[in-house]
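Novice: Next one to model:
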Amino acid sequence: MEIEKEKSGWELVRFAIIALLVVVPIRLFIAQPFVVSGASMFPTFEDKDYLIVDELTYKFNEPKRDDVIIFRYPNDTKKFFIKRIIGLPNETGDIKGGTITITNESHPDGLTLEEPYVKNGSADNVHFELKNGEYYVMGDNRIASSDSRSWGTVSRKHIVGRALVRLWPISDIDFLPGKYEPN
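Specialist: The predicted structure follows:
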């Protein structure tokens, strides 16, 4: 009897060690949880949505326009924000009455962005010029979003990852939530 108790105790310790060896690297280097706070991404994401953040993809690929990213807030890197990428490095952009036009090497005359995910636009008039490694981000709920329009660009080094899975609420479970690919 005593040997069985020792054996089951050792099995429990061994299981805990194996679980830590598997879970800790995944949590530190591949994915982490994120809870949406606020209405800046409504209707794409709502307050208290529970997401899993993919931290691996951007180690091998660059973020793309329209990706929903989680990043460290540039003015306080202890805080994390969720926004959509609007402008990419070395691009110029103009926001006029809610319409965004991007100028880059591929579109020297300008590309007007399609944004069907925006439900509450704003009438801002903003011009931005991005340097290498800078991104312009905005919330989908433009009238309730603190974003690049008010505090500036996001450096590549502050990007944590992209929204990979929405786990809560259960009725909205989704892979790559917020994903949009224009025609």
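Novice: Every contact and neighbour count from this point should use C-alpha atoms.
Specialist: Noted.
Novice: Output the longest strand belonging to this protein.
Specialist: Criterion DSSP state E: the longest strand present in the chain is strand 159-168.
Novice: what about Lys78, how many residues close to it?
Specialist: Counted with other C-alpha atoms under 10 Å, the neighbours of Lys78 add up to 8.
Novice: can you check Ser106 too?
Specialist: Taking other C-alpha under 10 Å as the neighbour definition, Ser106 ends up with a count of 8.
Novice: what are the ranges of the strands in the chain?
Specialist: Taking DSSP E as the criterion, the chain carries its strands at 31-35, 50-54, 68-72, 80-87, 92-96, 99-103, 111-112, 125-129, 134-138, 154-155, 159-168, 174-175.
Novice: Tell me who's in contact with the spatially most central residue of the chain.
Specialist: With distances taken as C-alpha atoms, centre = their mean, the residue of the chain nearest its centroid is Ile69 (1.5 Å). Remark: with contacts taken as C-alpha atoms under 8 Å, 6 or more residues apart in numbering, Ile69 is in contact with Ile82, Lys83, Arg84, Ile85, Ile159, Val160, Gly161, Arg162, Ala163.
Novice: And Tyr73, by the same measure?
Specialist: For Tyr73, the residues meeting the contact criterion (C-alpha under 8 Å, 6+ apart) are Lys79, Phe80, Phe81, Val154, His158.
Novice: now those in CSV, with distance to Ala123 and neighbour count?
Specialist: Below are these laid out as CSV (distance: C-alpha to C-alpha, whole Å; neighbours: other C-alpha atoms under 10 Å):
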residue, distance to Ala123, neighbour count
Lys79, 28, 10
Phe80, 26, 18
Phe81, 23, 21
Val154, 22, 22
His158, 28, 15
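Novice: Let me know the closest of the residues you listed to Lys119.
Specialist: Distances from Lys119 to the contacts of Tyr73, taken as C-alpha to C-alpha, are shortest for Phe81 (19.5 Å).
Novice: could you check the distance from that closest one over to Asp67?
Specialist: Relative to Asp67, Phe81 is positioned 14 Å away (criterion: C-alpha to C-alpha, to the nearest Å).
Novice: repeat for Leu88
Specialist: Computed with C-alpha to C-alpha, the distance linking Leu88 and Asp67 is 11 Å.
Novice: Which one's more surrounded, those two?
Specialist: Under the neighbour definition other C-alpha under 10 Å, Leu88 and Asp67 were set side by side, and Leu88 has more, 24 against 21.
Novice: Pull out the buried residues from stretch 78-97.
Specialist: Of all the residues in stretch 78-97, those buried under the rule 16 or more other C-alpha atoms under 10 Å are 80-89, 91-95.
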